[in-house]
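Asker: What follows is a predicted structure for the sequence shown.
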Amino acid sequence: MDERGKTTVGRLEAVNVADLEMRLSRMGLDLINYREATFGRTRARRNTVRIRRSELINFCFHLEQLVVAGVPVVDALADLRDSVEDHRLREVIAGMLESIQGGATLSKAMEQFPGIFDGVFINLIRAGELSGQVGTVLRKVTENLRWQDEQAAHVKKILTYPIVVTVVILGVISFLMLYLVPQLVQFIQSMGEVLPLHTRILLAVSDLFVTYWYLLLPLPIPIVLGAIAMRKVSPSFDYALDDMKLKIWIVGPLMKKIILARFANYFALMYSSGISVLDCIRITEGLVGNKAVAEATRRAYRQIAEGASISQGFEYAGLFPPLVLRMLRVGENTGALDTSLLNISYFYERDVRDSIERIQAMIGPVMTVLLGGLLLWVLVSVLGPIYDLIANIKV
């Protein structure tokens, strides 16, 4: 009701009743009655909010600097809201600020935006709030985000080179089969000679490309869409696909090392912030991004919950090799588990970096051999019958 006694009915987001009354008072209204409405659309919208990792790193860095300097969180968020340039991040900060002013904690306010702040982020902030070390935790979060940025760059390097090579080879094959070979088909067939097997195969492949190009060209699209649909409806297919990714030649082992490096880094970050071992494993399980690794983590969690040591749990799960298990065992015995986990992360990160450099050095020669073999096949299949015909001509 406003000051003139006129009642108004509407919908407004609020953390709790106190927050609702405060927001209405700012609008010049008094709360008479309310009921909780369904907020599926609001939650879905917040789930889809995305900002660049660089913007998130800057946000955490500046928030950490302000908090360490003694600025209250509400004032720090207000300053950041007024200074950031990204309108989406500004809306997120404004939503967090309203929630905190309504009585929520910083971690609770961040939970409203799961598309931006993941489980590790929120649990670290909650641990910092409980220990009174929010500034220290924000510094660790910033370092972790920068580390994630480096890992994302590694993943791009792994995926970019095979994709580029595949596209180039497919482009060359398409050009040869759709344009070059059909130009020579009639001439080769008009010679009346018995064609060798490799020439007949080349002609069959070229005819397949020319006749069914409209089916071959869009073929990857339904395959990808079908795989996405199957992943949503079939957990077993989803698991099998993720497990297969880890076994792909060259790329699979590298992806597994990156996932395990991410797992160890998250684990170390949360454990050093005061979060229990089981909670660390449970939270990290949902962040590895691979169902096969998540299932192995779940097996380790059950073993540790039943009384096994951390190294025994991961040994049972088959997640880490013996060298890494030994590092975990040393960390348990010395009481420096977080240091051991960071060493594991560094071990995998360095291994991935060295492997990527080796792959980059191999890409050129492998690509040359593949394209050279393809061109040799075409030349031998086309020029071979012509040479045989010329050799049989009697002078």
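Answerer: That came through, no problem.
Asker: what does the domain assignment say about the protein?
Answerer: Partitioning the chain according to automatic domain parsing yields domains covering residues 1-37, 52-143, 144-395.
Asker: ok, residues contacting stretch 123-134?
Answerer: By Cβ atoms under 8 Å, 6 or more residues apart in numbering, the residues outside stretch 123-134 that reach it are 67, 73, 105-107, 110, 117, 135-138, 140-141, 269-270, 273-275, 279, 283. In short, each C-beta sits where N, CA and C put it, glycine included.
Asker: try it again with 7 Å
Answerer: 67, 105-107, 110, 136-137, 140-141, 269-270, 273-275, 283 (Cβ atoms under 7 Å, 6 or more residues apart in numbering).
Asker: Could you check that stretch and say which residues are buried?
Answerer: Asn123, Leu124, Ile125, Arg126, Ala127, Gly128, Glu129, Gln133, Val134 (16 or more other Cβ atoms under 10 Å).
Asker: which one of these is nearest Arg298?
Answerer: The closest of those to Arg298 turns out to be Asn123 (Cβ to Cβ; 18.0 Å).
Asker: Same list (the domains of the chain) but as JSON lines, adding mean pLDDT.
Answerer: Shown next, in JSON lines, are these (pLDDT from 0 to 100):
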{"stretch": "domain 1-37", "mean pLDDT": "80"}
{"stretch": "domain 52-143", "mean pLDDT": "86"}
{"stretch": "domain 144-395", "mean pLDDT": "80"}
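Asker: Please identify the most buried of those.
Answerer: Greatest average neighbour count among the domains of the chain goes to domain 52-143 (a mean of 18), per mean count of other Cβ atoms under 10 Å.
Asker: Show me how far that one is from its chain's centre.
Answerer: Domain 52-143 sits 22 Å away from the centroid of its parent chain (Cα atoms, centre = their mean, to the nearest Å).
Asker: First residue to last residue on that domain, what's the distance there?
Answerer: Chord length of domain 52-143, first to last residue, is 16 Å (Cα to Cα, to the nearest Å).
Asker: So that it lines up with my notes, have the first residue be 24 from now on.
Answerer: In the new count, where the first residue is 24, that last one comes out as domain 75-166.
Asker: how much space is there between the nearest residue to Gly142 once chain neighbours are set aside and Leu346?
Answerer: Excluding the flanking residues, the one nearest Gly142 by Cβ to Cβ, 6 or more residues apart in numbering is Ile306, at 4.8 Å. Ile306 is 25 Å from Leu346, where distance means Cβ to Cβ, to the nearest Å.
Asker: just Tyr410 next, same as before
Answerer: 58 Å.
Asker: my read: the residue nearest to Gly142 touches Ile145, true?
Answerer: No: using Cβ atoms under 7 Å, Ile306 is not in contact with Ile145, being 9.1 Å away.
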